[in-house]
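K.L.:
I would like the atomic coordinates for the input below:
(one chain, ligands or ions: 1)
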Amino acid sequence: MSVLRVNGGRPLHGEITVRGAKNLVPKAMVASLLSAETSQLASVPDIRDVEVVTKLLNLHGVEVDFNKSVGVLTLRPAEVHAASVEEVDQHAGSSRIPILLCGPLLHRLGKAVIPNLGGCDIGGRPIDFHIATLRKFGAEVEKLPHGIELRAPNGLEGTKVELPYPSVGATEQTLLTAVRARGITELRGAAVEPEIMDLVAVLQKMGAIISVDTDRVIRVEGVEELRGFNHVALPDRIEAASWASAALATGGDITVRGARQADMMTFLNVFRKVGGDFDITEDAIRFRRGSDGDLRSIVLETNVHPGFMTDWQQPLVVALTQAEGLSIVHETVYENRFGFTEALRRMGAKIQVYRECLGGLQCRFGARNFYHSAVISGPTPLTGADIDVPDLRGGFSHVVAALAASGVSHVSGVDIINRGYENFMEKLVALDADVELQ
Ligand code: EPU
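P.N.:
I've put the predicted structure just below:
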C-alpha cells in the first residue's frame with residue numbers, strides 16, 4: 001500500500017488537464033458490446049476503472065486497444081462469447097460497472113454472469129432497482145453466492161419502468177437494455193446527469209432511438225441492430241471540481257484545462273458563494289479565492305442532477321474548514337459519505353456529524369441511523385497527521401487537507417485515488433505540491 005508524504009501549507013498553483021469522465025467512459029465501453037461493429041472512444045483517461053472494464057470485455061471476446069498517449073480506445077466486439085464464472089469472478093469487488101453488462105450481454109448472447117460488485121464503501125449500494133428493471137424486460141435473474149446469473153431465452157421486451165429514486169446506474173441499465181429490446185420502453189423517474197446524456201448521445205450515434213422528455217421521462221424505441229460509434233467523452237466534471245476545491249482550500253490558483261462550464265453550473269454558483277472566483281475561457285476554467293482571500297460558510301445539500309453532486313462534496317468540505325462561521329452540508333444521495341471527516345477532525349477541523357436532515361428538505365435517510373449531515377465550524381488551522389484513505393473522493397479530500405495543513409502528513413492507501421484521477425501524482429507535482437510517494 002503506497003504512502004504519500006505531504007509537506008503541507010503551500011498553495012497549489014499551475015495548470016492541469018482533465019480528460020473524459022470516469023462516470024461515462026466505462027459505460028460507453030460497455031455500450032460498444034451492443035453492436036458487432038468497431039467503436040472508437042476518445043479523451044479516455046488512464047484510470048483503474050478503464051483497466052477493469054477492458055479486462056471484463058476481453059473475457060467476453062472484445063478486443064480493446066488503448067492508445068494511452070492520445071487517449072483513444074478502439075473496441076472490436078465482433079466475436080463476443082460467454083465468459084466462465086471463474087474468470088468473471090476474478091473481478092468481483094473491483095468496480096460497479098460489471099452490473100451494466102447485463103443488457104448488452106443478454107442481447108448478444110442470451111445469458112450473462114455478473115460478479116459481486118465493488119466500488120467505494122459509502123453506503124449499502126444495493127442493486128435492487130437494476131434487478132427489478134431487468135426482470136421487467138423479461139430477464140430471468142438468479143442470485144448466486146458470487147454474483148448473479150441472467151438468461152433471456154425469449155429475448156427482451158420493451159416495458160414501463162418507474163424508478164423509486166433517480167439512480168444513475170439503474171437509468172443506464174434501462175437505457176443499455178431498452179435500445180435493443182422489442183418495442184417501446186418508458187422510463188419514469190430517470191436520472192438526467194450530463195454523463196447519462198452523453199451515454200444517450202453514444203447510443204444515438206449507434207442507431208438507437210431515445211427521447212428525453214420533461215419530468216425525468218425517457219422513451220426508447222427498440223431497434224434490432226446497432227452500429228459502432230465514434231465519440232469524444234465529455235470532460236470529468238468531478239475531477240475538475242475536485243481541483244477547484246483544492247485551489248480554494250490551499251489558497252492556490254489552478255487552471256483546469258478541459259473543464260466545461262455547462263456541466264458545472266451548480267458547482268460554480270456554490271464556489272462563488274463560499275468566496276471563490278473563476279475565469280472561464282473556451283477550453284479551461286481558472287479557479288482561485290476571491291480578492292479578499294476569505295472564505296464564507298454555506299448551507300448546502302447534495303442531490304441528483306441538476307443539484308449539487310455528492311461527489312463534489314468531500315474536497316469542498318475541506319475548504320469549508322477554512323471558511324468563517326458555521327457551514328451545513330446535508331448528504332442526500334448516499335447514507336454514509338462523511339466517514340472521511342474523522343481524519344479531518346484529527347487534523348484540527350471542527351466537524352460534527354448528525355443523523356438528522358439538517359439544512360432543508362427531509363431526505364430518504366432522515367430519522368434513520370445514518371450520519372448524513374455535517375456541521376463545519378471554521379476557520380480552523382489544520383495540522384499534518386497520519387491518515388488512511390477511505391474511498392476515492394474521501395481520499396482525494398484527505399490529500400487536499402494534508403496539502404492545506406501545516407507540517408508533514410502521511411496519507412496511506414493513495415492508490416485508490418488512481419481509480420478516478422488520471423496521473424494524480426504527476427498533477428500534484430505540476431501544481432508545485434511538496435509530495436513524495438513512499
Ligand atoms: N440505489 C438503490 N438501489 C439501486 C441503485 C441505487 O437503492 O438498485 C441508491 C444508492 O444506494 C444511492 C442512490 O440510489 O443511495 C444513488 O445511486 P446511483 O445508482 O445513482 O449511483 P451509482 O450509479 O452506483 C454513480 C457514480 C457515483 C456517483 C453516483 C451519483 C459511477 C460508476 N458511479 O453511482 O460515483 O456518486 O452515480 O451521482 O457512475 C464516484 O465517482 O466516486 C462515485 C461514487
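K.L.:
the residue lying closest to L117 once chain neighbours are set aside: neighbour count?
P.N.:
Of all residues not flanking L117 in the chain, R96 sits nearest, at 5.3 Å (C-beta to C-beta, 6 or more residues apart in numbering). Every residue, glycine included, has its C-beta placed from N, CA and C. Neighbourhood size, R96 [other C-beta atoms under 10 Å]: 18.
K.L.:
swap in the one 3 residues further on?
P.N.:
A total of 24 residues lie near I99 under the criterion other C-beta under 10 Å.
K.L.:
do the one 4 residues further on as well
P.N.:
Residues contacting G103 under the criterion other C-beta under 10 Å number 31.
K.L.:
quick one: it from the ligand, how far?
P.N.:
14 Å (C-beta to the nearest ligand atom, to the nearest Å).
K.L.:
equivalent analysis for T281, please.
P.N.:
26 Å.
K.L.:
distance of that residue from H91?
P.N.:
41 Å (C-beta to C-beta, to the nearest Å).
K.L.:
check E195 too.
P.N.:
For E195, the distance to H91 - C-beta to C-beta - is 22 Å.
K.L.:
circling back: need the phi and psi values for the residue nearest to L117.
P.N.:
phi -90, psi -20 (degrees, to the nearest 10).
K.L.:
which secondary structure elements does the helix or strand bottoming out on mean pLDDT in the chain contact?
P.N.:
Least confident helix or strand of the chain, by mean pLDDT, DSSP states H and E, is helix 85-89 with a mean of 79. Applying 3 or more C-beta pairs under 8 Å, 6 or more residues apart in numbering; DSSP states H and E, one finds that helix 85-89 contacts helix 48-59, strand 111-115, strand 147-151.
K.L.:
give me the angle between the last one and strand 111-115.
P.N.:
What that stands for is strand 147-151. Computed by axes from the mean of the first three to the mean of the last three C-alpha atoms, to 10 degrees, the angle separating strand 147-151 from strand 111-115 equals 170 degrees.
K.L.:
and strand 147-151, what's its mean pLDDT?
P.N.:
Strand 147-151 carries an average pLDDT of 91.
K.L.:
restrict it to CA atoms and write it as PDB.
P.N.:
Coordinates of each C-alpha in strand 147-151 appear next as PDB, following Å, rounded to 0.1, in the frame of the first residue of the first chain:
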ATOM      1  CA  GLY A 147     -22.900 -12.700  -8.100                       C
ATOM      2  CA  ILE A 148     -25.900 -13.100 -10.400                       C
ATOM      3  CA  GLU A 149     -26.700 -15.100 -13.500                       C
ATOM      4  CA  LEU A 150     -29.100 -13.900 -16.100                       C
ATOM      5  CA  ARG A 151     -30.900 -15.500 -19.000                       C
END
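K.L.:
adding mean neighbour count, write the helices and strands packed on helix 85-89 out as a markdown table.
P.N.:
A markdown table is the format used below for the helices and strands packed on helix 85-89 (neighbours: other C-beta atoms under 10 Å):
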| stretch | mean neighbour count |
| --- | --- |
| helix 48-59 | 20 |
| strand 111-115 | 23 |
| strand 147-151 | 19 |
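K.L.:
what does the helix or strand hosting A132 contact?
P.N.:
Using DSSP states H and E, A132 sits in helix 128-136. Residues from elsewhere that reach helix 128-136 (C-beta atoms under 8 Å, 6 or more residues apart in numbering): 99, 102-103, 106, 141, 148, 150, 159-161, 163-165, 167, 169-170, 173-174, 177.
K.L.:
at 10 Å what do you get?
P.N.:
With contact meaning C-beta atoms under 10 Å, 6 or more residues apart in numbering, helix 128-136 is reached by 99-100, 102-103, 106, 112, 114, 117, 127, 139-141, 143, 148, 150, 152, 156-165, 167, 169-174, 177-178, 185, 187, 189.
K.L.:
using PDB, list the CA coordinates for the very next helix or strand once past the least confident helix or strand of the chain.
P.N.:
Where DSSP H and E defines the elements, the next helix or strand beyond helix 85-89 is helix 102-109. Output of helix 102-109 as PDB, limited to C-alpha atoms (Å, rounded to 0.1, in the frame of the first residue of the first chain):
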ATOM      1  CA  CYS A 102     -26.400  -7.400 -18.200                       C
ATOM      2  CA  GLY A 103     -28.500  -5.900 -21.000                       C
ATOM      3  CA  PRO A 104     -25.800  -5.900 -23.700                       C
ATOM      4  CA  LEU A 105     -24.700  -9.500 -22.900                       C
ATOM      5  CA  LEU A 106     -28.400 -10.700 -22.800                       C
ATOM      6  CA  HIS A 107     -28.900  -9.100 -26.300                       C
ATOM      7  CA  ARG A 108     -25.700 -10.600 -27.700                       C
ATOM      8  CA  LEU A 109     -25.600 -14.000 -26.000                       C
END
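K.L.:
hmm, back to that, the more surrounded of T281 and H91?
P.N.:
Shown here are T281 and H91; by other C-beta under 10 Å, H91 has more neighbours (22 against 11).
K.L.:
contacting residues around T341?
P.N.:
T341 neighbours (C-beta under 10 Å, 6+ apart): 314, 317-318, 321, 329, 349, 351-353, 371, 374, 376, 390, 394, 397, 401.
K.L.:
pLDDT wise, what is it at?
P.N.:
pLDDT, T341: 97.
K.L.:
cool, R272 as well?
P.N.:
pLDDT, read off for R272, is 98.
K.L.:
just the element for it, please.
P.N.:
helix 265-273.
K.L.:
does E335 sit in a helix, a strand or a coil?
P.N.:
coil (DSSP: H, G, I helix; E, B strand; the rest coil).
K.L.:
quick one: stretch 398-416 to chain centroid distance?
P.N.:
21 Å (C-alpha atoms, centre = their mean, to the nearest Å).
K.L.:
and the end-to-end length of it?
P.N.:
12 Å (C-alpha to C-alpha, to the nearest Å).
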